[in-house]
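*Asks:* Show me the folded form of this:
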Amino acid sequence: MNRLHETKVKKINSEHNTIVNSKDLTLGEGYFTVIAGPCAVEREDIAVETAIAVEKAGAKIFRSSLFKPRTSPYTYQGYGLEGIEILRRIKQETNLLLETEILSSDHIEELSQEVDIFRVGSRNMDNYELLKAVGRENKPVILKRNMSATLEEFLLAAEYILSVGNENVILCERGIRTFETYTRNTLDILAIPALKELTHLPVIVDPSHSTGKSSLVPAASKAALAAGADGLIVEVHPNPANSYSDGHQSLQISEFEKMMKEIFELAKVLGKKFDIPILT
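*Replies:* Sure, this is the predicted structure:
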């Protein structure tokens with residue numbers, strides 16, 4: 001606990017709230033930002049269709065994962081670096097920023113030219129060399145909480161990025177492992193206000209991985225907004241039943257559009273800045 005106390009004094013406790021800026025996007029206190037897209041990039045036509053749809057619905061960042069770490073080595077692992085051409089097409093067709101999970105420091109140089117935000121997934125929260133590597137880049141980093149990590153461990157992982165000079169860290173609560181089996185994980189809703197007390201960093205929520213069920217994603221998303229989250233990262237797919245991965249927790253485009261309308265209305269009540277087009 002002494003190390004965390006030192007960390008709080010040096011980095012975590014701050015008189016200001018960090019607002020992350022990337023191009024014309026503002027993410028942090030007072031704003032609400034939605035990241036949306038498929039679990040992993042599959043084909044160019046699906047990626048482009050999804051990107052156009054989620055942008056129209058109000059998302060500002062495209063979930064453009066080229067790599068997909070899986071429990072089984074025999075399941076779909078993502079497009080890999082070959083998918084960079086797909087990301088370039090999305091840039092041509094939309095104004096979305098791009099974020100992607102990064103698994104190895106070997107990928108940083110190539111991906112740094114193509115994406116706006118790096119994501120370190122829950123499985124790599126304790127990969128300290130990777131955390132320091134992305135920390136050396138002048139690029140925002142989304143750090144996902146490991147399903148078994150305490151808030152103390154989560155914040156100390158963030159410190160690895162902050163300690164090498166990158167202040168643009170976005171914390172992501174994505175559900176923790178409990179005894180409950182109905183949902184994929186358990187959304188730790190209290191982690192949002194707790195992290196707001198402990199840190200100045202923006203906090204977003206992944207309702208897709210925390211619930212594992214598309215039917216529960218809208219409720220979890222609205223709960224996250226009400227609890228003080230600064231944004232969401234949501235899985236969306238034109239045809240979830242045929243998705244290469246995590247189709248059961250991915251919203252159809254029409255479901256995402258409906259949820260975004262509801263989120264927009266709630267954001268207005270809560271005083272969050274959240275500019276999206278009102279769909280007809």
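
*Asks:* Which parts of the stretch 51-200 of the chain are helices?
*Replies:* 84-93, 108-112, 128-135, 151-162, 191-198 (DSSP state H, counting those that start in this stretch).

*Asks:* how about the ones you listed in TSV, adding mean neighbour count, distance to Glu235 and mean pLDDT?
*Replies:* C-betas here are computed from N, CA, C, even on glycine. What follows is those, written out as TSV (neighbours: other C-beta atoms under 10 Å; distance: least, C-beta to C-beta, whole Å; pLDDT from 0 to 100):
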stretch	mean neighbour count	distance to Glu235	mean pLDDT
helix 84-93	16	16	94
helix 108-112	14	20	91
helix 128-135	20	22	96
helix 151-162	21	22	97
helix 191-198	18	19	96
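
*Asks:* mind showing which ranges of the stretch 151-280 of the chain have poor pLDDT?
*Replies:* The stretch 151-280 of the chain contains residues with pLDDT under 70 at 275-280.

*Asks:* Apart from its chain neighbours, what residue comes closest to the residue nearest to the spatial centre of the chain?
*Replies:* For the chain, the residue nearest the mean C-alpha position is Ile233 (4.1 Å; C-alpha atoms, centre = their mean). Sequence neighbours aside, Ile35 is the residue nearest to Ile233 in space, at 4.2 Å (criterion: C-beta to C-beta, 6 or more residues apart in numbering).

*Asks:* The one you found - how many residues pack around it?
*Replies:* By other C-beta atoms under 10 Å, 28 other residues sit near Ile35.

*Asks:* related to what we said a few turns ago, for His237, which of the helices of the stretch 51-200 of the chain is the nearest?
*Replies:* helix 84-93 (14.9 Å; C-beta to C-beta).

*Asks:* so where's the stretch 1-150 of the chain shaky on pLDDT?
*Replies:* 1-16, 70, 74, 77-78.

*Asks:* which residues does Ser243 contact?
*Replies:* 38-39, 42, 237, 250 (C-beta atoms under 8 Å, 6 or more residues apart in numbering).

*Asks:* In ChimeraX, select just the buried ones from those.
*Replies:* The ChimeraX command for the buried members of these (criterion: 16 or more other C-beta atoms under 10 Å) is given here:
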select :38,39,42,237,250
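
*Asks:* Now do the SS call for the residue nearest to the centre of the chain.
*Replies:* What DSSP: H, G, I helix; E, B strand; the rest coil gives for Ile233 is strand.

*Asks:* distance between the ends of stretch 136-154?
*Replies:* 19 Å (C-alpha to C-alpha, to the nearest Å).

*Asks:* chain center to it: distance?
*Replies:* 11 Å (C-alpha atoms, centre = their mean, to the nearest Å).

*Asks:* and what of stretch 31-46?
*Replies:* 10 Å.

*Asks:* Export that stretch to CSV, keeping only CA atoms.
*Replies:* Only the C-alpha atoms of stretch 31-46 are listed here, as CSV (Å, rounded to 0.1, in the frame of the first residue of the first chain):
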residue,chain,number,x,y,z
TYR,A,31,-17.7,14.9,-22.1
PHE,A,32,-19.1,11.6,-23.1
THR,A,33,-17.4,9.7,-26.0
VAL,A,34,-18.5,6.5,-27.6
ILE,A,35,-16.1,4.1,-29.3
ALA,A,36,-17.9,1.5,-31.5
GLY,A,37,-17.1,-1.2,-34.0
PRO,A,38,-16.7,-5.0,-34.4
CYS,A,39,-15.0,-7.2,-31.9
ALA,A,40,-12.2,-7.6,-34.5
VAL,A,41,-11.8,-6.4,-38.1
GLU,A,42,-13.0,-9.2,-40.3
ARG,A,43,-13.5,-8.1,-43.9
GLU,A,44,-13.2,-4.7,-45.5
ASP,A,45,-16.9,-4.5,-46.5
ILE,A,46,-18.1,-5.3,-43.0
